[in-house]
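Visitor: Starting from these lines, generate the structure:
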Amino acid sequence: MLPSYLTMAAILFCIGLYGALVKRNAVIVLLSIELMLNAVNLNLVAFSKYGVVPALTGQIFSLFTITVAAAEAAVGVAILIALFRSRGTVQVDEYDEMKR
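Guide: A predicted model of the protein is given here:
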């Protein structure tokens, strides 16, 4: 059962990595980062349940990771809205200057 969870997590992580590296839209990049974090959470829970010594530590660490991901998404969207108001675009290629 563990290899199926790890395969699914690897597929999710690869999709997220592709989206973070290739896509130009900043919203898609943020969603791709969230997808990678969810793949890591899936690994944590799978190893917590099916590992050598099953314990709740992986699941508890996964809850902390979900909390950090939610905060990252909130701050990232706030920064993205501020950038959109100042520049008028959400394309990552347009954000190459710190000050205009």
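Visitor: Point out where this structure drops to low pLDDT.
Guide: Scanning the chain for pLDDT under 70 picks out the ranges 98-100.
Visitor: Let's see that with 90 instead.
Guide: Scanning the chain for pLDDT under 90 picks out 1, 24, 26, 51-58, 79-80, 82-84, 86-100.
Visitor: Which elements pack onto the top helix by length along the chain?
Guide: Scanning the chain for the longest helix, with DSSP state H as the assignment, gives helix 57-87. Packing contacts for helix 57-87, counted by 3 or more Cβ pairs under 8 Å, 6 or more residues apart in numbering; DSSP states H and E, involve helix 26-50. Any C-beta I mention is one placed from the backbone N, CA and C, and that applies to glycine too.
Visitor: Buried residues, the helix it packs on. List them.
Guide: Neighbour counts over helix 26-50 (16 or more other Cβ atoms under 10 Å) mark 26, 29-48 as buried.
Visitor: name the helices or strands packed onto it?
Guide: Counting by 3+ Cβ pairs under 8 Å, 6+ apart, helix 26-50 packs on helix 2-22, helix 57-87.
Visitor: so how far is stretch 77-86 from its chain's centroid?
Guide: Offset of stretch 77-86 from its chain centre (Cα atoms, centre = their mean, to the nearest Å): 19 Å.
Visitor: Pull that stretch out as PDB, backbone CA atoms only.
Guide: The C-alpha coordinates for stretch 77-86 follow below in PDB (Å, rounded to 0.1, in the frame of the first residue of the first chain):
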ATOM      1  CA  VAL A  77      -2.100  36.400  -2.600                       C
ATOM      2  CA  ALA A  78      -1.800  39.700  -0.700                       C
ATOM      3  CA  ILE A  79       1.500  40.500  -2.300                       C
ATOM      4  CA  LEU A  80       0.100  39.400  -5.700                       C
ATOM      5  CA  ILE A  81      -2.900  41.800  -5.300                       C
ATOM      6  CA  ALA A  82      -0.600  44.700  -4.400                       C
ATOM      7  CA  LEU A  83       1.600  44.000  -7.400                       C
ATOM      8  CA  PHE A  84      -1.400  43.700  -9.700                       C
ATOM      9  CA  ARG A  85      -2.700  47.100  -8.400                       C
ATOM     10  CA  SER A  86       0.700  48.800  -9.100                       C
END
